[in-house]
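Q: structure for this input, please:
(chains A and B)
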Amino acid sequence: MKNDVLKLGGVNFTNRLFTGTGKFAANALIPKMLAASGSQMITVALRRIDTTTHSENILDYIPKDVILLPNTSGARTAEQAVRIARIAREAGCGDFIKIEVITDMKYLMPDNWETLKATEILAKEGFIVLPYVLPDLPLAKRLEAAGAAAVMPLGAPIGTNRGLETKPLLELLIENCTIPVVVDAGIGRPSQAAAAMEMGADAVLVNTAIATAKDPVAMGRAFDMAVKAGRIAYLAELASQSGVARASSPLTGFLD
Amino acid sequence: MEIIVNGLKETTLPCSIAEFVANKGLAPGALVVELNQQIIKQQQWQAIQLKEDDQLELLSFVGGG
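A: Predicted structure coming up:
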């Protein structure tokens, strides 16, 4: 277990909980959550500033040893996602990029087609591309061929905390992808993160469930423990299920 | 002269990017600047003069998942 590392783009992650910076009541909670959860990668977004209220820099709240995963949220097309990725890299955020292209504003479903196009371009430019997608096996194989470093399928729509609604499709990806599978979006409870890891997911990305908990710092720790438990259970290989009871103690009468 | 700042027309006196940012009272450390779709690093802000019809984007990193 000691050497159980997740390799992504030449970086060894010893912690399989990726986190996000969205929705925290105060930015000062972010470094505390990172310390409590041990998370080694965190997402940030890029936006036009409001010149009247422009204030603090969220990057100031992220310790230097935590890897930044800028996302392309706000992009409606592959071209926009590519532009955001290039800006983020130029701005010193490193080579990791979470591609997020959303055209459906009600369910915030990722646009798999545009996401694939952006992945093809950015992987060629040397980015470490983590595309956020609907769990679709043929698409995942195309992303793999295009040079994605991992595939990040959703468990449920963003911010819904509904857990692994796409479980059967996630299982197909986990069984058949050669690149890591990171379950992103929809995970609302530590038990759901543990379930994803037990299934063999390589990591999970959790933002809303941590950031909007009453105590985000303690919730970060709870998610860390759940992810570790799920990962260890997966590596230990789960015992099989049975339709009928199988005694754990001898069935003979006490004094026979 | 007129330039486009974050998609909106603005009138400004001729100035460098650094002066424009300072006049707006913006903290440079938190700012990412794109001029006509080219990223401009902070070291270059002083040297680059804004011109009529330039498209300036003032961006920053924010919380996101």
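
Q: can you get me a residue count around the residue of the stretch 1-150 of chain A found nearest chain B?
A: With Cβ to the nearest Cβ as the measure, the residue in the stretch 1-150 of chain A that lies nearest chain B is A:A45; the distance is 2.6 Å. Using the backbone N, CA and C atoms, a C-beta is placed for each residue, glycine as well. Neighbouring residues of A:A45 were enumerated by other Cβ atoms under 10 Å in any protein chain shown; the total is 23.

Q: three-state assignment of it?
A: The local conformation at A:A45, judged by DSSP: H, G, I helix; E, B strand; the rest coil, is strand.

Q: leaving out sequence neighbours, find the closest residue to it.
A: Nearest residue to A:A45, sequence neighbours excluded (Cβ to Cβ, 6 or more residues apart in numbering or on different chains): B:G64, at 2.6 Å.

Q: is the one you found in contact with A:G22, as I believe?
A: Yes. Counting by Cβ atoms under 8 Å, B:G64 touches A:G22, with 4.7 Å between them.

Q: which residues are in contact with both of the two?
A: When Cβ atoms under 8 Å, 6 or more residues apart in numbering or on different chains defines a contact, the residues bordering B:G64 and A:G22 alike are A:T43, A:A45.

Q: neighbour count for the two, which is higher?
A: Residue environment comparison for B:G64 versus A:G22 gives the larger neighbour count to B:G64, 24 against 21, counting by other Cβ under 10 Å.

Q: what values do phi and psi take at that one?
A: Dihedral angles phi and psi of B:G64 (degrees, to the nearest 10) take the values phi -170, psi 160.

Q: what's the neighbour count on A:N15?
A: Using other Cβ under 10 Å, A:N15 has 18 other residues around it.

Q: with A:P168 instead?
A: Neighbours of A:P168 under the rule other Cβ under 10 Å: 9.

Q: per-residue confidence at it?
A: pLDDT for A:P168: 97.

Q: now A:K2
A: In the prediction, the pLDDT value recorded for A:K2 is 63.

Q: with A:A247 instead?
A: Model confidence at A:A247, expressed as pLDDT, equals 89.

Q: host element of it?
A: Assessed by DSSP states H and E, A:A247 sits outside every helix and strand.

Q: elements contacting the helix or strand A:A145 falls within?
A: Assigned by DSSP H and E, A:A145 belongs to helix A:137-146. Packing contacts for helix A:137-146, counted by 3 or more Cβ pairs under 8 Å, 6 or more residues apart in numbering or on different chains; DSSP states H and E, involve helix A:112-124, strand A:128-133, helix A:167-176.

Q: tell me what angle the shortest one forms with helix A:112-124.
A: In this case it means strand A:128-133. When axes from the mean of the first three to the mean of the last three Cα atoms, to 10 degrees is applied, the directions of strand A:128-133 and helix A:112-124 differ by 180 degrees.

Q: parallel or antiparallel, list what pairs with strand A:128-133.
A: strand A:96-99 (parallel), strand A:152-153 (parallel) (DSSP bridges).

Q: residue ranges of the helices in chain B, please?
A: Secondary structure of chain B (DSSP state H): helices located at B:17-23.

Q: now for whatever residue of it ends up closest to chain A: which residues touch it?
A: Shortest chain B-to-chain A distance, computed as Cβ to the nearest Cβ: residue-wise this is B:G64, at 2.6 Å. Counting by Cβ under 8 Å, 6+ apart, B:G64 makes contact with A:G20, A:T21, A:G22, A:T43, A:V44, A:A45, A:N71, A:S73.
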